[in-house]
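[1] no sequence for this one, just the structure:
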């Protein structure tokens, strides 16, 4: 039975991917892409990678889809569809051949992998007790390979600074205009009803992330989606990007991470090492601060460069 | 089980080299535009001290510096390691960064109305991001951690390209982003394959595996082209000239002098440290052919440019080509130790002297554009009379690019040429000579305009303070002074090589 389900899943993924590539309708392609992300999330869940599944669904399906839809709306009718989609063979032939070759090579290598595949999973589980955590994925992200997680947050901040730098000089430091001209009534309703639940789910995700699948990135994405919903429905305006409190929230997560990292030099076994007795509270604290930072960064990334001049 | 890595004294310096600029970027975000420049200058000063201390520690211990992050041994954790080559890169980066910082402070200071504005503030934060990413590329031992370093570089470098907000620079930045993301994706695919095959991402542990299957060859075939797209080697260089020419002068200097060296450094590590000898030899040959094509094709393109900054940008692609012809010259992959050869030293010297000379040249071009209001080479007649120091800077940096004695570029190209002659690589020797001649052509074209006597004296749109002109001049003098350096310090390059797990254990 599960084999039938898996085959249907794979067929659906390939069909959706093809649809996204060949369709001439931009909006249709984006919707296809969102569906692809959600389906891929189910695929990861089938591979027992629930953490990856949650992230894929939230980022690949949700946030990226929203970003693409907004970009598509901005483009409007400036680009005629036929100009984009008129398929001259020389334009798609080379990429198609290159992608095909890469896919074949990947397939060949994956089939030739040693069996059983070498894996760090047993080691990751064996070392869990010194961190006080129950979820090895969280241990990888916040202990064994904490440096990657920390620097990825800096990458997010750099991306946000980059997006802000695209604004006009006069609007720099101001806010983004997210509110559309016409707000559909159901959107307002959703924006009033959903956020409390979203916040609850996010808090739950951070809390269980220490021991079960879930964690900062998923929780941050949900919070970002709630914030965007509220701003899109016009219930609250987007905050001005020069606001001190906002910037403190954005930098807070990674800054706390860096501080705890250097604390490890003084009282534990080096940079990004936690004293064993308080490892878990420290990690959960970092996760909570990171969640807020990620939520703010992702929401503002989707909101785009400020286009309203700051008040002062 | 004996640990793969043993931390050495001074290992924490490597952490500081990466985290100091990153932390500075966070502080800038919180404190806001009015304090950004001060924070940047403090971070630059501290960063230079860290690089200096790292160099001293290396010389004192005569062994590579190692740090194990969080005390989690690889393969589970991530190790940092700096050998002689890495420390040289850290030092060059610190010098160019410090000069760029001082230059940017003066340049943005020219116009008080915008000194705390969008362009300047974004520039400082992104510069810190770049520095953190560069240092991480030079010291990380972990393939995924290196991917994060590449992402730091991409997301800091791309916005720098379009900081001045003109439509054409936006297009250039977008194209750069596409190439860079394609490169990141291919690199990540390769890293994933290596993890699947070896169960580790640590460079040393992968290299010490006894058996290499097809996964290694395929992974290298994905990762190296991906990195080439970021390094802008011919024929993947299309994004570079408009991007580097369109960026503000201070940004062009770091982009051209340092940022494209990061993927080159990673290719070097993949080919020389990970690849089994057979694959390394093949990769080295292919890279040398592309490098030679880069030298010839892009030197000719540089000769044909109308705009000064575009000319310098094409020259970058040509000069990067020299770094790739080192592979067969140093005998990478033929079973000998490449890091003892004169070609290896020549390559390292080329990397250093190009970084200094190119940063100086882009800053000089920025001064010309600021003073004259444009950078059309044809209409620059007599700029040497109104900006004598800047013209001198351009000439000195040009000496190093051409490979004329006395200069660092001369020694570098001389060593490479000798290696080519000894090794019987006639076509590479001819390429080096032709590249030098072509570089002479494009540098003299500008110097000819600098020394021309136009009927009407070139009008300066705004006065240029002396301090602004001095900074690139110092860099250009350093590039020339490398030629006077006895080659003995380049014995440093052999410290910590080869990277064998057991060699460092007590």
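    Great, that's in hand. This structure is a prediction, so every number in the text was calculated from the model and none was measured.
[2] what separates the closest residue in space to residue A:237 that isn't next to it in sequence from chain B, distance-wise?
    Using Cβ to Cβ, 6 or more residues apart in numbering or on different chains and skipping the chain neighbours, the partner closest in space to residue A:237 is residue A:175 (6.3 Å). For the C-beta atoms, the positions are set from N, CA and C on the backbone; glycine is no exception. Distance, residue A:175 to chain B, using Cβ to the nearest Cβ, to the nearest Å: 15 Å.
[3] and the stretch 51-200 of chain A, which residues reach chain B?
    A:102, A:105-106, A:108-110, A:112-114, A:117-120, A:123-124, A:127, A:143-148, A:151-152, A:154-155, A:157-159, A:161-169, A:172-173 (Cβ under 8 Å from any Cβ of the partner chain).
[4] switch the cut-off to 6 Å
    By Cβ under 6 Å from any Cβ of the partner chain, the residues of the stretch 51-200 of chain A that approach chain B are A:105, A:109, A:112-113, A:118-120, A:123, A:144-148, A:151-152, A:154-155, A:158-159, A:161-162, A:165, A:169, A:172.
[5] Pull out the buried members of these.
    A:105, A:109, A:120, A:123, A:144-148, A:151-152, A:154-155, A:158-159, A:161-162, A:165, A:172 (16 or more other Cβ atoms under 10 Å in any protein chain shown).
[6] which residues in the stretch 201-312 of chain A form helices?
    Here the stretch 201-312 of chain A has its helices, by DSSP state H, counting those that start in this stretch, at A:216-232, A:244-267, A:279-303.
[7] if we can go back for a sec, out of the residues of the stretch 51-200 of chain A next to chain B, which are inside strands?
    Applying DSSP state E to these, no entry is found in strands.
[8] Which residue comes closest to residue A:240 once chain neighbours are left out?
    In space, residue A:240 is closest to residue A:175, 4.6 Å off (Cβ to Cβ, 6+ apart).
[9] just residue B:101 next, same as before
    residue B:44 (4.4 Å).
[10] For that neighbour, identify the helix or strand it belongs to.
    helix B:33-61 (DSSP states H and E).
[11] For residue A:19, give me its contacts.
    residue A:32 (Cβ atoms under 6 Å, 6 or more residues apart in numbering or on different chains).
[12] Please point out which parts of whichever strand or helix holds it sit buried.
    In this structure, residue A:19 sits in helix A:2-22 according to DSSP H and E. For helix A:2-22, the neighbour count (16+ other Cβ under 10 Å) marks A:9, A:12-13, A:16, A:19-20 as buried.
[13] Closest to residue B:296 out of these?
    Residue B:296 has its nearest neighbour among the buried residues of helix A:2-22 in residue A:20, at 41.1 Å by Cβ to Cβ.
[14] Contact partners for the nearest residue to the closest one once chain neighbours are set aside?
    Of all residues not flanking residue A:20 in the chain, residue A:32 sits nearest, at 4.4 Å (Cβ to Cβ, 6+ apart). Neighbouring residues of residue A:32 by Cβ under 6 Å, 6+ apart: A:16, A:19-20.
[15] 8 Å - rerun?
    A:16, A:19-20, A:23 (Cβ atoms under 8 Å, 6 or more residues apart in numbering or on different chains).
[16] SS state for residue B:209?
    Put simply, residue B:209 is coil when judged by DSSP: H, G, I helix; E, B strand; the rest coil.
[17] Isn't it up against residue B:198?
    Yes. With contact defined as Cβ atoms under 8 Å, residue B:209 reaches residue B:198; the gap is 5.7 Å.
[18] what's stretch A:111-118 in contact with?
    Contact with stretch A:111-118 is made by B:196-200, B:213-215, as judged by Cβ under 8 Å, 6+ apart.
[19] where does that stretch sit relative to the chain's centre, distance-wise?
    Between the centre of stretch A:111-118 and the centre of its chain there are 30 Å (Cα atoms, centre = their mean, to the nearest Å).
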